[in-house]
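J.: sequence plus predicted model, see below.
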Amino acid sequence: MTYERHATTLEPPWPFAGRDDELGLVRRSLTGVRRGIVVTGPAGCGKTRLAVEAVRGTDRARAAGTPESRTIPFAAFAHLLPESVTLHRAVRSLSGIRTLLVDDAHLLDDASAALVHQLAVHGRTRLLVVATDGSPVPGAIARLWTGELLPRLALKPLPEEETGRLLTAGAGPLDALTVNRLRRLAQGDLRLLRDLLTAVRGLLTPVPDTGERAWRGPVVLTPAVRERTAAVLGRDRPLEREALDRLAFAEPLPSDLDDLDLDVLEVLESDGLIEIDEHGAVRLAHPLYGPVLRAAAGRLRARRLARTPHAHAAALDAEAAALAHRIGRHDVRAMPTPVGEWTVAEGGPLPGRYAAVRARFARLRGEVGEAAAWAREGLRGDPGDPACRTELARAAAALTCPGDLDPAAVTDPYDAVRLGAPEKVIDRLDGVFARHADALTRADGPDLDDVAGELERRGFLLFAAEAYAQAVAAHHDPRAARHSRTRAVALARRCQGARTPALSGLVLGDLTARQRQIVALAAAGLTNRQIAERLTLSIRTVGNHLYSAYARLGASDRGALPWLERTPEAQPA
């Protein structure tokens, strides 16, 4: 019998992150009276990595399905079974294994799938079965969860903020536009994300005065990238390839253009290569398709298909006007800006007028790191642009917690509300911002919650987090205060390190001194063992303190804590 007592052969190239809750669930399912768990999810979302972490340090065996062996009986378990074996004997042979990890179970041959099913029914082995969504699954494997033999964990893509932390761990601090670009291209596929990051690591350039690095320029056509985009790169029918290339250099396009062949578009849509929205605009179906097609185009073809300077400027102006219109309507929900995004991503010059509006839109959404990056891009082409300088300063202020700012001196009246002095500006505001000022003046917790919800629906995530944080102190009901705190923490995690007075006052207010000390160390990245050694406590005690602190802070795990680390109250005692 072959056991993998150590995970060194499976050690991935970057740290495990962002799956603490799921890891705990899987580990609990492999202990006690339970017989195991099935983990499913999209390709590349980290299922295998989660499974490896869950069984690390334990005695276990591992089997995996492969496309090449789907017709060979018991192929996945050949290293664990005699050469000639029946299903009954195979079950008896493997029943002595304490834990069995079955990876890529959707690729198992029928005999291996039946073996796994019988182990779940009759065996004493704890099963950790991993399968990919969207792929045909052997019936015996599907019946593991449909027949309620094993619980199923449907793993979702890693949250955006956790993906950003993963990229930082792999390449050091990156500017927000680079993080967003890599995340957008990978679409939750961590294997592709790692491949892209590896390919561009040598192309990263320092961002002045930030300590960050940035990636600008064409996508690198690695073998993995070519494999993921073979459906468009391998399109050999001239009219279809022409339509795809035109979209790559000018998407979105209206579907009623005279020189667009609707029959061709129908074929491309049915094959999942393009999408047509409710307004009739045509876009490529995956964010990676456009950059790859542009990178693969020859110089002459690119010159023919690229927008003329006039058309390019007109497209950027149209996007800027749409952004400004949304800001004017107090609505900053995410909207596509493909021309600006691929212009700056591939190193093209960005007009200051566009960059300033795009920076303001990002800042109002709470994406303060992205706002600073857009402003810097505008200043790169026009160092004297006043609007970009203003946006860069405002983004920097949101990252440095201006607690000593005088509310009477702010240039934006709403800033006074965010700083806790609504009575000075209430008559100068309207809409949801006036409602926020009124609720804060009256210290009305429920109304502040309502305002925060409306701000969140409109896309003002940082403002919503602040309103929820203000509601915590205004509530008389402890349960309502905990709910407000939970929402404030969840939204603040999405605001790229924003540090404001309202959020700083929220963080550790009702923890004990020991809990504050432990939470601060956890936020700084220390493990439970390291915290225990530093404070001369048992690991169990540290875990209990963290559990209680998470409940009070509305956090689910230590992944919620890095943004807390930088607040004044979060310094270790």
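T.: Great, that's in hand.
J.: point out where this structure drops to low pLDDT.
T.: Applying pLDDT under 70 to the chain flags residues 1-14, 32, 400-411, 504-511, 550-573.
J.: quick one, domains of it?
T.: Domain assignment of the chain by automatic domain parsing yields the ranges 8-154, 160-217, 227-305, 309-398, 400-499, 507-573.
J.: can you lay out the ones you listed as CSV showing mean neighbour count?
T.: Every residue, glycine included, has its C-beta placed from N, CA and C. Formatted as CSV, the domains of the chain follow (neighbours: other Cβ atoms under 10 Å):
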stretch, mean neighbour count
domain 8-154, 18
domain 160-217, 18
domain 227-305, 16
domain 309-398, 19
domain 400-499, 19
domain 507-573, 18
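J.: just give me the longest helix of the protein.
T.: helix 309-328 (DSSP state H).
J.: what separates it from the chain centre, distance-wise?
T.: Averaging C-alpha positions (Cα atoms, centre = their mean, to the nearest Å) puts helix 309-328 27 Å from its chain's average.
J.: which strands and helices sit next to it?
T.: If contacts are counted by 3 or more Cβ pairs under 8 Å, 6 or more residues apart in numbering; DSSP states H and E, helix 309-328 sits against helix 338-345, helix 352-364.
J.: what does that helix contact?
T.: Residues outside helix 309-328 that contact it (Cβ atoms under 8 Å, 6 or more residues apart in numbering): 250, 306-307, 332-333, 335, 337, 339-340, 343, 350-351, 353-354, 357-358, 360-361, 364.
J.: middle-most residue in the chain, spatially?
T.: Centrality entry for the chain: nearest residue to the mean C-alpha point is residue 160, 1.7 Å, by Cα atoms, centre = their mean.
J.: ok, it to residue 367 distance?
T.: Per Cβ to Cβ, to the nearest Å, residue 160 is found 10 Å from residue 367.
J.: residue farthest from the centroid of the protein?
T.: residue 84 (47.1 Å).
J.: so that residue, which state does it fall into?
T.: Under DSSP: H, G, I helix; E, B strand; the rest coil, the three-state class of residue 84 is coil.
J.: about what we covered before: quick one, the longest helix of the chain and helix 338-345 angle?
T.: Going by axes from the mean of the first three to the mean of the last three Cα atoms, to 10 degrees, helix 309-328 is angled at 110 degrees with respect to helix 338-345.
J.: put the alpha carbons of helix 309-328 into PDB.
T.: Listed next in PDB are the C-alpha coordinates belonging to helix 309-328 (Å, rounded to 0.1, in the frame of the first residue of the first chain):
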ATOM      1  CA  PRO A 309      -6.700  58.500 -33.600                       C
ATOM      2  CA  HIS A 310     -10.000  60.400 -34.100                       C
ATOM      3  CA  ALA A 311     -12.100  57.300 -33.500                       C
ATOM      4  CA  HIS A 312     -10.000  56.300 -30.500                       C
ATOM      5  CA  ALA A 313     -10.400  59.700 -28.900                       C
ATOM      6  CA  ALA A 314     -14.100  59.700 -29.600                       C
ATOM      7  CA  ALA A 315     -14.500  56.300 -28.000                       C
ATOM      8  CA  LEU A 316     -12.700  57.500 -24.800                       C
ATOM      9  CA  ASP A 317     -14.800  60.700 -24.800                       C
ATOM     10  CA  ALA A 318     -17.900  58.600 -25.000                       C
ATOM     11  CA  GLU A 319     -16.800  56.400 -22.000                       C
ATOM     12  CA  ALA A 320     -15.900  59.500 -20.000                       C
ATOM     13  CA  ALA A 321     -19.300  61.100 -20.700                       C
ATOM     14  CA  ALA A 322     -21.100  57.900 -19.600                       C
ATOM     15  CA  LEU A 323     -19.100  57.800 -16.400                       C
ATOM     16  CA  ALA A 324     -19.700  61.500 -15.700                       C
ATOM     17  CA  HIS A 325     -23.400  61.000 -16.300                       C
ATOM     18  CA  ARG A 326     -23.600  58.100 -13.900                       C
ATOM     19  CA  ILE A 327     -21.700  60.200 -11.200                       C
ATOM     20  CA  GLY A 328     -24.200  63.000 -11.800                       C
END
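J.: excluding its backbone neighbours, what's nearest residue 137?
T.: residue 106 (4.7 Å; Cβ to Cβ, 6 or more residues apart in numbering).
J.: so can I have CSV of the helices and strands packed on helix 309-328 showing distance to residue 238?
T.: Listed next are the helices and strands packed on helix 309-328 as CSV, based on distance: least, Cβ to Cβ, whole Å:
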stretch, distance to residue 238
helix 338-345, 24
helix 352-364, 35
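J.: nearest to residue 440, out of those?
T.: helix 352-364 (19.0 Å; Cβ to Cβ).
J.: name the surrounding residues that touch that closest one.
T.: Applying Cβ under 8 Å, 6+ apart, the contact partners of helix 352-364 are 316-317, 319-320, 323-324, 326-327, 332, 337, 340, 368, 370-372, 374-375, 377-379, 381-382, 385, 387-388, 390-392, 394-395, 398, 459-460, 463.
J.: hmm, 6 Å instead?
T.: Where contact means Cβ atoms under 6 Å, 6 or more residues apart in numbering, the residues beyond helix 352-364 that reach it are 316, 320, 323-324, 332, 340, 370-371, 374-375, 377-378, 382, 385, 387-388, 391, 395.
J.: can you flag which of these belong to helices?
T.: Using DSSP H, these in helices are 316, 320, 323-324, 340, 370-371, 374-375, 377-378, 387-388, 391, 395.
J.: what is the nearest of the residues you listed to residue 258?
T.: The closest of the ones in helices among the contacts of helix 352-364 to residue 258 turns out to be residue 316 (Cβ to Cβ; 24.5 Å).
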